[in-house]
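S.K.: Please find the sequence and the predicted model below.
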Amino acid sequence: MEEKKIDVQSIIGFILIGGILLWMLYNNTPDEAEVVDEVTTEENINRDQDTTPEFEENTATPASDSTALVEAQKRLGAFGYSETLSSAKGGSTTIENDLLELKISNKGGYIEEARLKNFKTFDSIPVYLIKDGNASMNMSLNTTDGRTLNTENLYFEPELTENNGNQILSMKLKVSEDEYLEYRYAMRPGEYMLDFSVRSEGLTGVLNSSATPVLDWKLKGYRHAKSISYENRYTDLIWE
């Protein structure tokens, strides 16, 4: 089967809604160097010199790129291609509406920060449901060459688009430009709910179809209420 689809709808959205309900019940509490290299050049009067600076620059770059790809493929197989892309340098992409702001990390393709825009704690601190590593999401992948890879350690390439006011963020873990595993986030205006789905394209020869991918999502909730006993009494976790 050429395309393998795994639909995981609203996993993140329902967890975020649980956090919003807490706010309806009670008040909240806060729970490079740039290095500049100096390069000095000396005039060399020896015209018999075999190597020039220009020649070194023109040959070093492709050699370096080729070596990096080979080394990445030794560790990651076909998914080594993803580490040759600019997104492998790290960073994140922001997706937001009038209520919610999310930052999606290139590494792992998951939500690394979630902020409620219209709420602050009693001492005017912004309210975050996800921040500073309290949440993680990982999919375990088994490949046809016998590897087990974890998406939390791999780099996705982001593409943010807008469709009828909805923000769509596609995070692709690539084997090539046309072959990838995709996390898709869709956010609508005026809603805390977030649609999330997973699908693969062209990975029939890469992923082991006899082994089912396992999605593991974790969240260590922050304490938002002044009273811990009050919070424990009225906190619920809901998912579908």
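M.R.: On my side now, so go ahead.
S.K.: which residues of this protein fall in strands?
M.R.: All strands of the chain, identified by DSSP state E, fall at 5-6, 92-96, 100-105, 111-120, 126-130, 135-142, 148-150, 157-163, 166-176, 179-187, 194-201, 214-219.
S.K.: Format those strands as TSV; extra columns: mean neighbour count and distance to Arg75.
M.R.: From N, CA and C alone the C-beta is placed, and that goes for glycine too. What follows is these, written out as TSV (neighbours: other C-beta atoms under 10 Å; distance: least, C-beta to C-beta, whole Å):
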stretch	mean neighbour count	distance to Arg75
strand 5-6	12	24
strand 92-96	16	23
strand 100-105	20	20
strand 111-120	18	23
strand 126-130	21	29
strand 135-142	19	14
strand 148-150	14	9
strand 157-163	13	18
strand 166-176	20	14
strand 179-187	21	17
strand 194-201	19	21
strand 214-219	14	21
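S.K.: Gln73 is nearest to which of these?
M.R.: Among those, strand 166-176 comes nearest to Gln73, with 10.4 Å by C-beta to C-beta.
S.K.: Could you list the residues in contact with the closest one?
M.R.: Residues outside strand 166-176 that contact it (C-beta atoms under 8 Å, 6 or more residues apart in numbering): 78-79, 81-82, 85, 93, 95-97, 104, 106, 109, 151, 154-162, 180-189, 202-203, 206.
S.K.: how about low-confidence regions in this structure?
M.R.: Low-confidence segments of the chain (pLDDT under 70): 1-64, 122, 224-227, 230-231, 234-240.
S.K.: quick revisit: so which of the strands of the chain comes closest to Lys74?
M.R.: Judged by C-beta to C-beta, the one of the strands of the chain that comes nearest to Lys74 is strand 148-150, at 13.3 Å.
S.K.: The closest one pairs with which strands, parallel or anti?
M.R.: Counting by DSSP bridges, the strands paired with strand 148-150 are strand 135-142 (antiparallel).
S.K.: now the angle between strand 111-120 and the strand it pairs with, please.
M.R.: 160 degrees (axes from the mean of the first three to the mean of the last three C-alpha atoms, to 10 degrees).
S.K.: related to what we said a few turns ago, out of the strands of the chain, nearest to Leu69?
M.R.: Of all the strands of the chain, strand 166-176 sits nearest to Leu69, with 12.0 Å by C-beta to C-beta.
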